[in-house]
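> Structure for the following, please:
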Amino acid sequence: MAIQIREANLADADVIVEYNALLAKESENKILDPRSLVPGVHAFLSDPHKGRYFVAVDGDVVVGQCSITYEWSDWNNGWYWWFQSVYVAENVRGRGVFRLLFNHVLNEAQRSEKVASLRLYVESDNHTAQKIYQHLGLQRSGYFVLEKNLRTTYTCSSNESIGQRNQRAS
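Below is the predicted model of the structure:
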């Protein structure tokens, strides 16, 4: 069966929670606190103002996901759609699942006259993901993301950084 893309709903919450936990572990070596993650996913899926999740399904099985959140740009009088929570199940990686998700969101954005840009941020040491995103036409924006964390809802699972793990795997 061909993989299809659809908008996620509350019935998808369990798999989205699972995939977000796997994403954090794989990409940032973080273990998310389910006391924050579970209600966070439910709140997101229940409120379209927070954003939208899309899932890739193979039959009845969710094999990938991404979400978009919104940022208004007064400079462009339009929306920036931010890709977040991008995850593809290990057993279907390399089959173009993210490309399908990306193209679905891109097509929706292009149909809207108010979307100025698609954006995402990627872990600085996640070179594999960076190559995939660049292959799809995304480019470095020139911005450097800074953050002041006000609430930590995860723990690091080891002292090894993602960069060290990637170097070891090379």
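
> Enumerate every residue touching residue 97.
Contacts for residue 97 (CB atoms under 8 Å, 6 or more residues apart in numbering) come out as 3, 56, 63, 64, 88, 89. C-beta here means a position set from N, CA and C on the backbone, and glycine is covered the same way.

> The closest residue to it other than its chain neighbours: helix or strand, and which one exactly?
Closest residue to residue 97 apart from its sequence neighbours, by CB to CB, 6 or more residues apart in numbering: residue 64 at 4.1 Å. Assessed by DSSP states H and E, residue 64 sits inside strand 61-73.

> which of the contacts of residue 97 lies closest to residue 123?
residue 88 (15.5 Å; CB to CB).

> In the sheet, which residues pair with the closest residue to the closest one other than its chain neighbours? Tell me.
Closest residue to residue 88 apart from its sequence neighbours, by CB to CB, 6+ apart: residue 64 at 4.2 Å. Counting by DSSP bridges, residue 64 forms beta bridges with residue 56, residue 88.

> Tell me the predicted confidence for residue 64.
Per-residue confidence at residue 64 stands at 98 (pLDDT).

> That one and residue 146, how far apart?
Noted for residue 64: a distance of 30 Å to residue 146, by CB to CB, to the nearest Å.

> Neighbour count: those two, which is higher?
More neighbours surround residue 64 than the other of residue 64 and residue 146, with 24 against 5 (other CB atoms under 10 Å).

> got the contact list for that one?
Residue 64 touches 3, 55, 56, 87, 88, 89, 92, 97, 98, 100, 101, counting by CB under 8 Å, 6+ apart.

> show me where pLDDT drops low in this protein?
Flagging of the chain using pLDDT under 70 yields the residue ranges 1, 157-170.

> Let's see that with 80 instead.
The chain contains residues with pLDDT under 80 at 1, 151-170.

> Run through the strands of it in chain order.
Counting by DSSP state E, the chain has strands at residues 4-7, 30-32, 52-58, 61-73, 78-88, 115-120, 154-156.

> can you give me the helices in the protein?
13-28, 34-46, 97-111, 127-135, 162-169 (DSSP state H).

> got JSON lines for these, with distance to residue 141 too?
Output for the helices of the chain, formatted as JSON lines (distance: least, CB to CB, whole Å):
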{"stretch": "helix 13-28", "distance to residue 141": "19"}
{"stretch": "helix 34-46", "distance to residue 141": "24"}
{"stretch": "helix 97-111", "distance to residue 141": "16"}
{"stretch": "helix 127-135", "distance to residue 141": "12"}
{"stretch": "helix 162-169", "distance to residue 141": "21"}
